[in-house]
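**Student:** What shape does this take:
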Amino acid sequence: MARDTISRRHFMQGSGAVAGGTLIRLGMPAAMAAAQAACTARDEGAVFETLTEDEARELDAIAARILPTTHTPGARDAGVIYFIDTVLGKQLAGMLDRVRSGLVEFQAGLAGPTRFSALDESAQDAYLAERERSRFFGTMRMLTLIGFLAMERYGGNRDSVGWKLIGFEGHGAAQPPFGYYDAQYMEAERDGDR
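**Tutor:** Numbers count the residues shown, from 1 in each chain. Below you'll find the model as predicted:
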């Protein structure tokens, strides 16, 4: 995890493509339904529907180190674990066993405490750095990013913290400018030069 060479903002911006591609594979209606259920559970403080309390605690701790709270909100602030719980119970139910077995394997590699959540943050970061090329870490990274960047009303991204972090001001509909290449055109449109 090369924190010195890439800022958190650049990490999030670069990761948007990964999350977006995954949403397309999930199918937008399925992802939106999962996110809506996750948002409702998060807001109501409901118990987890798919994950056990132990699994949720450990996955939440992992997500919280993938996108930690710093001077800006992180995965825990955005309620990402509720999105993960919902999507693994419905749209990505086929991944649930893989995530569970991955978590067991992940936990088995720990020395000392048997739980990742029991480690201090620096030990958690070091442990994750050793495993960041694993399939389990890749899955957790994907689920964390999707939950962090999902539309707020559909789950995760509580108070639009993910959008605010990357500077996105939209409300879910595609709005111009779509990229830096459209910025000058849109500026000219606003100024009446076109």
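**Student:** Quick check: pLDDT value at the spatially closest residue to Gly89 that is not a sequence neighbour.
**Tutor:** Nearest residue to Gly89 in three dimensions, chain neighbours excluded: Thr50, at 3.2 Å (CB to CB, 6 or more residues apart in numbering). The way it works is simple: take the backbone N, C-alpha and C, and place the C-beta from them, glycine included. For Thr50, the pLDDT comes out at 93.
**Student:** Distance check, Thr50 against Arg135.
**Tutor:** 20 Å (CB to CB, to the nearest Å).
**Student:** what do you get for Arg115?
**Tutor:** For Arg115, the distance to Arg135 - CB to CB - is 21 Å.
**Student:** now swap in Tyr127 and tell me
**Tutor:** From Tyr127 across to Arg135, the span is 16 Å (CB to CB).
**Student:** So for those two, which residue has more residues nearby?
**Tutor:** Each of Tyr127 and Arg135 has its neighbours counted (other CB atoms under 10 Å); Tyr127 has more, 18 against 11.
**Student:** got the phi/psi numbers for that one?
**Tutor:** Here is the backbone geometry of Tyr127 (degrees, to the nearest 10): phi -60, psi -40.
**Student:** okay, Ser160: pLDDT?
**Tutor:** 73.
**Student:** Tell me the spacing between it and Ile66.
**Tutor:** As judged by CB to CB, Ser160 and Ile66 stand 19 Å apart.
**Student:** higher neighbour count, the two?
**Tutor:** Neighbour totals were compared for Ser160 and Ile66, and Ile66 leads with 23 against 18 (other CB under 10 Å).
**Student:** And the pLDDT at Met12?
**Tutor:** So Met12 comes in at 56 (pLDDT).
**Student:** now swap in Pro113 and tell me
**Tutor:** At Pro113, the pLDDT value in this model is 69.
**Student:** next one: Phe116
**Tutor:** 96.
**Student:** List the contacts of Asn80.
**Tutor:** If you look again at residue 80, you'll see it is Val, not Asn. By CB atoms under 8 Å, 6 or more residues apart in numbering, Val80 lies in contact with Asp60, Ala63, Leu67, Leu143, Thr144, Gly147, Phe148, Gly156.
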